[in-house]
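Undergrad: build me a model:
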Amino acid sequence: MAQESESTCVVQLYDHPVYKGEMSVRWTNDISTRFELKGADKWLNSPQIKLPMNANDFQIVGSVTWTHDRAGEKTALASSKEQFVDFTPAIRYLRSEESWGKRMGNFVQELVKLEEQQQDRDGSPSELIKANGSVLPESIKSAEQRLKFTLPNEHKALLQDFGAWSYSSSRCVPIEDINRADTQMRSIWGSPASEFDSLSEKSKTLYQASVMLFVEGGDGYGALIYHPISTDGDYYWIHQDNLDEPVKLVDSQNRPRDYSSAMRWIIANQILRYYDDVFEGTFIDRSSPTAIPYQLRLNYPSQKQLETKQLEVRLEVEWSKFE
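TA: You can find the predicted model right below:
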């Protein structure tokens, strides 16, 4: 089981061209992170921040001046106290040494407990997670015979012990649909053969020797693919709109993600990110071995905020960088 320790984080803030001012995140009485806004049209990055175990809340303070198209120069203030929502009890299972089937089962159970603590179970994300039944070993063996290579051991354990889980319109690929990625593009996505034929030879070669493990539904299809190029293999994220640009998944040290890291990334971007809209507080994971990547988001002032001179600010995880 992953151990809890002092949390570390880094924060990004976009220095919008029309803004001037400063913003600060006060983590404790002694620790704060300050950004100066100069309209530089670039991202500002904080140094790594160490948060003590007892950090349960933080403050966001600051002021921003800009020129409104009708009202002229205006200044809005930010002053709020925010709570951390501790996801550690759930996330630590995703970092454990247990099989991935057990990890997912425990993870979902802890999400339900967390939602109950937050008194918010109406339409909550955990209700959309479906296990979809365990997969027989002989079915996995048949799928590997179709592929002519073996699936990752962790993925086989996930299928056998928990099932090809789904979340809303996205899902792990059912065992009967496991095949080469180029075949899956036609059978799952419904892509015409001409779409694959138009790809570069490099992309064709990749897809002919890979398999989609997870498919994202929505505005066009996306997928996690596994390419068994080495002992651990490589993992890519692809999208239907740019199949000639598969994105190899790497961690903050630019190292290829392994299965566990790739699956945590999928879970973060398919499930955890939706808690930003469900819970009032800010996600924290005290089991993370790397710095949690946050973004400090400033919403352009509304008419009401112009009148009250209050600026809406929120600290959110940058889920695309979650490890």
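
Undergrad: switch to C-alpha atoms for all contacts and neighbour counts from now on
TA: Will do.

Undergrad: what's the closest non-adjacent residue to Glu216?
TA: For Glu216, ignoring the flanking residues on the chain, the nearest one in space by Cα to Cα, 6 or more residues apart in numbering is Ser170 at 4.3 Å.

Undergrad: beta partners of the one you found?
TA: The residues listed as beta-bridge partners of Ser170 by DSSP bridges are Tyr167.

Undergrad: so it touches Asp219, yeah?
TA: No: using Cα atoms under 8 Å, Ser170 and Asp219 do not qualify as a contacting pair, with a distance of 11.5 Å.

Undergrad: OK, contacts around the residue nearest to Glu216?
TA: 214-218, 270 (Cα atoms under 8 Å, 6 or more residues apart in numbering).

Undergrad: can you tell me which of those residues are buried?
TA: With neighbours counted by 16 or more other Cα atoms under 10 Å, these contain buried members at 214-216, 270.

Undergrad: from the contact counts, what lies against the longest helix seen in the chain?
TA: Looking across the chain with DSSP state H, the single longest helix is helix 100-117. Secondary structure elements in contact with helix 100-117, counted by 3 or more Cα pairs under 8 Å, 6 or more residues apart in numbering; DSSP states H and E, are helix 88-94, helix 153-161.

Undergrad: dump these to a markdown table, plus distance to Val61 and mean pLDDT.
TA: Formatted as a markdown table, the entries for the helices and strands packed on helix 100-117 read as follows, by distance: least, Cα to Cα, whole Å; pLDDT from 0 to 100:
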| stretch | distance to Val61 | mean pLDDT |
| --- | --- | --- |
| helix 88-94 | 27 | 96 |
| helix 153-161 | 44 | 96 |
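
Undergrad: need phi/psi at the residue nearest to Glu22 when sequence neighbours are not counted.
TA: With Cα to Cα, 6+ apart as the measure, Glu36 is the residue that lies nearest to Glu22, at 4.4 Å, once sequence neighbours are left out. Note on Glu36: its backbone torsions stand at phi -110, psi 120 [degrees, to the nearest 10].

Undergrad: same thing with Lys321?
TA: According to degrees, to the nearest 10, the main-chain angles of Lys321 amount to phi -110, psi 10.

Undergrad: and it, what pLDDT?
TA: According to the prediction, Lys321 has pLDDT 95.

Undergrad: from Ile129, how far off is it?
TA: Shown here: Lys321 relative to Ile129, a distance of 22 Å by Cα to Cα, to the nearest Å.

Undergrad: swap in Asp251?
TA: The span separating Asp251 from Ile129 equals 26 Å under the rule Cα to Cα.

Undergrad: go on, Glu318?
TA: In this structure, Glu318 and Ile129 are separated by 22 Å, where distance is defined by Cα to Cα.

Undergrad: any idea how far Gly220 is from the residue nearest to Glu216?
TA: As for Ser170, its distance to Gly220 is 11 Å (criterion: Cα to Cα).

Undergrad: for Pro89, same thing?
TA: Relative to Gly220, Pro89 is positioned 34 Å away (Cα to Cα).

Undergrad: which of these two has more neighbours?
TA: Relative neighbour count places Pro89 above the other of Pro89 and Gly220, with 20 against 10, counting by other Cα atoms under 10 Å.
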